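1. Sequence below, structure please.
(one chain, ligands or ions: 1)
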Amino acid sequence: MIDVLGVFAHPDDLELTVGGTFLKMKSLGYRTGCLDITRGEMGTRGTPEGRAEEAIEAAKILKLDVRENLELPDGHVFVVDEYRTKLVRVLRRLKPKVILTHQIDDPHPDHNHISHLVRESARLASMKNYDGDFGLERIDVPKVAHNIFSRRVIPSFIVDISDFLEEKMDAIKAHKSQFYNPDSDEPETRLTDKNFLDELENRSKYFGSLIGVKAGEPYFVREALNIEDPVKLLTRKMNLYS
Ligand SMILES: [Zn+2]
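-> You can find the predicted model right below:
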């Protein structure tokens, strides 16, 4: 059983987008897990085997309880029944309460398709007759929150990750084949540019600044949020000047 599950396309996507939130969830005592959908074999740098080792290393830094790979073909992830069923089986086995995943309409087709695959599979996992013969019981629909990364969307909420920014960056750097490495003779990409790691750190700092803290990670949810105490919510620190 997992409380929070990250479902992302490539072995470094969770680290790049929601690593701080996972570290924070762990510090609050939740069980955390990651399901990588592909092995990242389309990547310009690295091999699937090497990337799998880096993912294990990063999982240790993030203190994940579970990290699995669905091994769908990188660059060819679509919302089709075969893949929905595979994902439903994982969800029924791990029983997450919350799923964090890609942004809807992300420019990378796999990322975008996974955002929809997750939403559909989360719903189907609750229907007892969907894949009912397989022998796994239905679960309550896990709640889905989408990380905001490439598209400009107003966040539904921002998680304060101020205490975890350094460890988040360490988890990203564990993917040695993917980021700045002066000793590598593999082709350069935007991700391997020296400035990319600074850019990522600045992103977290920017979203932190919107809620008056050192660093934050932004999320979008499609559903209205059910709030018990609006006074408590609205009087939390929101920006540097309030
Ligand atoms: Zn990716």
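2. For stretch 101-108, what is the distance to the chain centroid?
-> Remark: stretch 101-108 is offset 11 Å from the chain centroid, using Cα atoms, centre = their mean, to the nearest Å.
3. contact partners of it?
-> 6-9, 13, 17, 111-112, 114-116, 118, 144-151, 153, 220 (Cβ atoms under 8 Å, 6 or more residues apart in numbering). (Glycine included, C-beta is placed from N, CA and C.)
4. Narrow the residues you listed to those in helices?
-> Residues of these located in helices (DSSP state H): 13, 17, 111, 112, 114, 115, 116, 118.
5. The residue nearest to the third one when sequence neighbours are not counted and residue 172: what is the separation?
-> Taking Cβ to Cβ, 6 or more residues apart in numbering as the measure, residue 111 lies nearest to residue 102, with 4.1 Å between them; neighbours along the chain are not counted. Using Cβ to Cβ, to the nearest Å, one gets 17 Å for the distance from residue 102 to residue 172.
6. Which one of these two is surrounded by more residues?
-> Neighbours were counted for residue 102 and for residue 172 using other Cβ atoms under 10 Å; residue 102 has more, 29 against 22.
7. what does the chain have sitting close to the ion?
-> By Cβ under 5 Å from the ion, the residues of the chain that approach the ion are 9, 10, 13.
8. As CSV, those residues with distance to residue 45, pLDDT and neighbour count would be great.
-> Listed next are those as CSV, based on distance: Cβ to Cβ, whole Å; pLDDT from 0 to 100; neighbours: other Cβ atoms under 10 Å:
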residue, distance to residue 45, pLDDT, neighbour count
9, 16, 98, 29
10, 12, 97, 24
13, 15, 97, 28
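9. Tell me which stretches of this structure form helices.
-> So, for the chain - with DSSP H - the helices run 13-27, 48-62, 81-94, 109-124, 165-173, 194-210, 230-234.
10. winner for burial among the ones you listed?
-> helix 13-27 (a mean of 25; mean count of other Cβ atoms under 10 Å).
11. contacting residues around that one?
-> 3-4, 6, 8, 32, 34, 36, 58, 62-64, 100, 102, 111, 147, 149, 159-161, 163-165, 167-168, 171-172, 174-175, 200, 204, 215-217.
12. which residue sits closest to the residue in the chain positioned nearest to the ion, ignoring its sequence neighbours?
-> Proximity to the ion, evaluated over the chain using Cβ to the ion, is greatest for residue 10 at 3.5 Å. Distances taken as Cβ to Cβ, 6+ apart place residue 40 nearest to residue 10, at 4.3 Å, with adjacent residues excluded.
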